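Chemist: Could you look at this predicted model? Sequence included:
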Amino acid sequence: MFAQTTLATPDVSWLAIAPEITLGLGAAIVLLVEVQFLPPIRRLGALVGGILAVAFGFSVWQWIRVDELLTTTDSAEFLAGFLPFGEMIVMDHGSVLARFALLTVAALGIVSGWQLFERLGRRGAEALALVLLATSGFTLMASSVHLMMMFLGLEVGSIALYILAGITRDRISSDEAAIKYFLLGSVASAVFVYGVALVFAATGELSLLDARSFLSGTIVTRPAVLLIGMAMLVVGLGFKISAAPFHSWAPDVYQGAPAGIVGYMAAAAKIGGFAALIRVLHTAFPSLLAEWAPLIAGIATLSMVGGGILALVQDDVRRLLAYSGVTHAGFILMGMVGGGVGAPEIWFYLAVYTLQLVGAFGVVAVVAGATGGPTPIAAFRGLGRTQPMLAVAFGVLLLGMGGLPLTSGFVAKFGVFQTAWQAGFEWLVVVAVLASVVGFAFYLRVIVAMYMHDEADDAVPAPTMPSRTVVALTAIVTVVLGLLPAPLLELTARAIPL
Amino acid sequence: MLTWLIAAPALAALVVAFLPKDRKELYLPVGFLLSFVPLAIAGYLFFDFESGEAGFQFTERIPWYEPWGIEWNLGIDGISLGMVVLTTILFPISLAASTAINHKVKEFVVAVLFLEAGLIGTFLALDLFLFFVFFEAILVPMYFIIGIWGSERRIYAAIKFFLYTAFGSALMFAGIIALAFLHAGQEGVASFAYQDLLGLDLDVVDERLLFAAFGLAFAIKVPMFPLHTWLPDAHVEAPTAGSVLLAGVMLKLGTYGLLRFNLGLFPEASVDAVPIMATLGVIGIVYGAAVAIVQPDLKRLVAYSSVSHLGFIVLGTFALTSAGLQGAVIQNVNHGLTTGALFLLVGMIYERRHTKKIADFGGLWKVMPIYAGLFLFATFASIGIPGLNGFVGEFLILVGSYATLPVFAIIAASGVVLAAIYLLWAFERVFTGVPDKPENQALKDVNGREIALMAPLVVLILLLGLYPQVLLEKTEASTEAILDRIEAVTDYEVPAPGRLDDVFVAEGAEE
């Protein structure tokens, strides 16, 4: 018996969680260094950059290892590498892509919002550590194939974001945003946990893979419990990705939270949420595709149409981007209605969109200025004249989000549209193409302000070097991936979930 | 070669974009000179083009992203050849006509050159995905051209233009995806290539829906009644170059698209749609002309005349006869030349007087004789006086449509008369009589630059009027091929003297 147990003990592949370990340890090191040496924030920034780079390096290593594993014929080696830690975590292309994306937006988010970290003074270290922790939480969430693990990741990530939303204590709107985000987020987490409980009640499993094999081999006697549980998981994650009708927190949080960090917050929550959603629905419930695909299609429709209409009437660019984020959640959800086959398209969309989001919030942070004040559309007036490069980049980013051809956004939209079409949801594609036109209507409002109106009264401060770099980089990537998307498409094409 | 034709204006735009900030005087001349590169390439293509060959020439096919079946797929045939050449001719002229642009000159030149790249791309693209990319991408430069350098209500006009056309093409995009998957269903691989999609076997309902999706996009672009309301606003607010390019080339995307994609890909549905399309075309002809008569503003008048003239092209296209199709193709080019000339002339007088109101003028003939002469020439071309290009196109369209749609042809013929009324009446009010307003008495006649701008248009108008064979011989094979395919795929048969061959057969029979 003993011999058997020792034989069955899997090789723990530390590589599978090396990025998370790096990030978690890194957060602790940042805080300790801060307390011990009181270094200038710039040094801490460099340290965080190093931590992110190491984590990214591990991710690249993971990617190569996954490629190796897929060619191996040794099934034991394959399983040990693929599912280390006994079916808690999976190391597949999807999870590594999530790490790439999350680490990238973390790095770009910190750089573009660097002014905020400087202004926070001694608490800048806390903010940096929180970004690292949030990233580790969401990467964990993206690579978990176990509902408890997923919940852990979700909470680690979310709680860090709640604090980040209120990190500028001197601004009342920031506090309000943090409280709102925390309260609504907790409710969503509670719903998620309840969903976990119901799924456990129906299947007796918390591991997604076990749940799947249970469902494929058993006729569920009480489908209602299972379906309600599944729907609650969708609701909980729908909150994270700010899909309608679970989006009500997004505009207030985007508007209230410090402009320098909102881009990262929004992007990280979307990546983590979608990664988890693909896993839950596709890995655990492929047999229920016929049940959940219409649900997802319904949420997608509501998000694209509702988000688009509400975005039209916004006067603050941050709220506008929040509602546009709702529409994007809808577009991305379209990639799921066909099951796991749409995952590559979802990953491409997420990568493209989150980059644009971070870049766009980089511009918003510049316009908001040092005080992080409101950013009405009127504040962007005449930006085309006063800050021509910034305006061009923002215009490209907005058109990219709108999905204009020759930008990456168009390729991304095309990807999810064709997935939905192939899955038989032709009507959803028709809704979506019309919703994209509504999208142009609100993105153009900002462009009109930048190029066709005279200057605003308050001059927009010149962007600092770091934020200029991030904004320019994201805009360039938007165009380059619009012209030559093949390299990234080939990467994401491997991200078919289990 | 075709890739370079698209790349040349795009590279030119980049060159202008990187010109130093303190050399403002360079932007326009450099852009102007560089716009001769695509003209030269297009000229070479025109003369190297094999007449009598129906298929695509100078084709290039490179996969862009293979798993999705998207390709960089270019080619040119008789239908697109004229449009490409027209495009490359109108761009240098438009740039040279833009000396009145005095702010953000660099951005203007860059936008115009990118617009050229996009327009050429739309005419050359044979991959439907690629076509859509260009079709949609050109909205952006045009949107900025209207919105930044336009007149008072420019923002309203620019947004209306953008959203109208974006809305139109949205459903076409769904249609393109549908086609690719239909191809995947039948052949195993998704393809967006026009050449591949021709072989699709569509069922009736699918084909009609697809026809409608594509038709809506192109009908808005043309624009066909009742989807034309964006056009007068866009034209009136756009700067001269914007109007010239909008009317001269951009509207043609609509008629080109109907001919290339609706007739080409959906022959069955096209035959069924003839009554609807012909009715809308004729309504456009008469309505556009009637509304043009009462316009108090010269630019608005020319804009509505476009609605009328493009109605002819739609009618000719859906007459489904050789003469009708040939007339449609050649009239596409003709309208670009004549309306371009008219917009240029209106722009010249606007730069001098800062008004476009017909009532503000009078007796200009005495003050600006050369200008008046040029205006009269363009007016005649637009009305379709024999010897000038408009006559050839409209005559072919009327002859062609009389064979299959006699009633429509008769009503459409009234459009020619109406054109004479609105144009000559406007001419009378602007140019004849005594120049009684003091502002008008001091007007300077056109200068050398302006004459040079008009000269190529005048020459081409005469050339196509007197010897249309230059263009017709190149288009013949392609339009015949479209009819051949329609006859092969559907029950439709072109009635007796409707085909080019018919004429020759009749001659032979006499001998």
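Modeler: Arrived safely, thanks for sending.

Chemist: Please name the residues that touch B:Thr99.
Modeler: The contact partners of B:Thr99, taken as C-beta atoms under 8 Å, 6 or more residues apart in numbering or on different chains, are B:28, B:449. (Glycine included, C-beta is placed from N, CA and C.)

Chemist: measure it to B:Val346 for me?
Modeler: 16 Å (C-beta to C-beta, to the nearest Å).

Chemist: In chain B, spot the helix with the most residues.
Modeler: helix B:154-187 (DSSP state H).

Chemist: And the helix or strand that comes right after it, what does it pack against?
Modeler: Sequence order places helix B:194-197 as the next helix or strand after helix B:154-187, per DSSP states H and E. Of the remaining helices and strands, those touching helix B:194-197 by 3 or more C-beta pairs under 8 Å, 6 or more residues apart in numbering or on different chains; DSSP states H and E are helix B:154-187, helix B:264-265.

Chemist: Now helix B:194-197: buried residues?
Modeler: Buried residues in helix B:194-197, counted by 16 or more other C-beta atoms under 10 Å in any protein chain shown: B:194, B:196-197.

Chemist: and of these, the nearest to chain A?
Modeler: In terms of C-beta to the nearest C-beta, no member of those lies closer to chain A than B:Leu197, at 15.6 Å.

Chemist: The closest one against B:Ala178, yeah?
Modeler: No. Look at B:Leu197 against B:Ala178 with C-beta atoms under 8 Å: they stay out of range, at 10.8 Å.

Chemist: Any idea which of the helices and strands packed on helix B:194-197 gets closest to chain A?
Modeler: Here helix B:154-187 is closest among the helices and strands packed on helix B:194-197 (C-beta to the nearest C-beta), at 4.0 Å.

Chemist: Now the closest one: buried residues?
Modeler: Buried residues in helix B:154-187 (16+ other C-beta under 10 Å): B:154-155, B:157-183.

Chemist: B:Tyr492 should be in a strand, yeah?
Modeler: No. Counting by DSSP: H, G, I helix; E, B strand; the rest coil, B:Tyr492 is not part of a strand but coil.

Chemist: Need phi/psi at the closest residue to B:Ala158 other than its chain neighbours.
Modeler: Excluding the flanking residues, the one nearest B:Ala158 by C-beta to C-beta, 6 or more residues apart in numbering or on different chains is B:Gly147, at 3.3 Å. Dihedral angles phi and psi of B:Gly147 (degrees, to the nearest 10) take the values phi -70, psi -30.

Chemist: Okay, A:Glu205 and A:Phe214: tell me how far apart.
Modeler: A:Glu205 is 5 Å from A:Phe214, by C-beta to C-beta.

Chemist: residues from chain A in reach of chain B?
Modeler: Within chain A, the residues that sit near chain B (C-beta under 8 Å from any C-beta of the partner chain) are A:399, A:404-406, A:410, A:414-415, A:417-418, A:421-422, A:426, A:429-430, A:433-434, A:436-437, A:440-441, A:444, A:448, A:451-452, A:485-486, A:489, A:493.

Chemist: Can you name the residues of chain B sitting close to chain A?
Modeler: Residues of chain B lying near chain A (C-beta under 8 Å from any C-beta): B:64-65, B:67-68, B:129, B:132-137, B:140, B:143-144, B:147-148, B:154-155, B:158-159, B:162-163, B:166-167, B:170-171, B:173-174, B:177-178, B:180-181, B:190.

Chemist: What is the neighbour count of the nearest residue in space to A:Gly307 that is not next to it in sequence?
Modeler: Distances taken as C-beta to C-beta, 6+ apart put A:Val326 closest to A:Gly307, at 3.1 Å, once the chain neighbours are dropped. The burial count assigned to A:Val326 is 26, neighbours taken as other C-beta atoms under 10 Å in any protein chain shown.

Chemist: and what of B:Ala42?
Modeler: Residues near B:Ala42, counting by other C-beta under 10 Å: 20.

Chemist: Double-check it against B:Gly82; I have them as touching.
Modeler: No. In this structure, B:Ala42 is not within contact of B:Gly82 by C-beta under 8 Å, at 10.3 Å.

Chemist: And the residue nearest to A:Asp210 when sequence neighbours are not counted, how far from A:Ser136?
Modeler: Closest residue in space to A:Asp210, ignoring its immediate chain neighbours: A:Glu87 at 7.1 Å, by C-beta to C-beta, 6+ apart. Separation of A:Glu87 from A:Ser136 (C-beta to C-beta): 20 Å.

Chemist: When those two are compared, which one has more neighbours?
Modeler: Ranked by neighbour count (other C-beta under 10 Å), A:Glu87 and A:Ser136 place A:Ser136 first, with 28 against 20.
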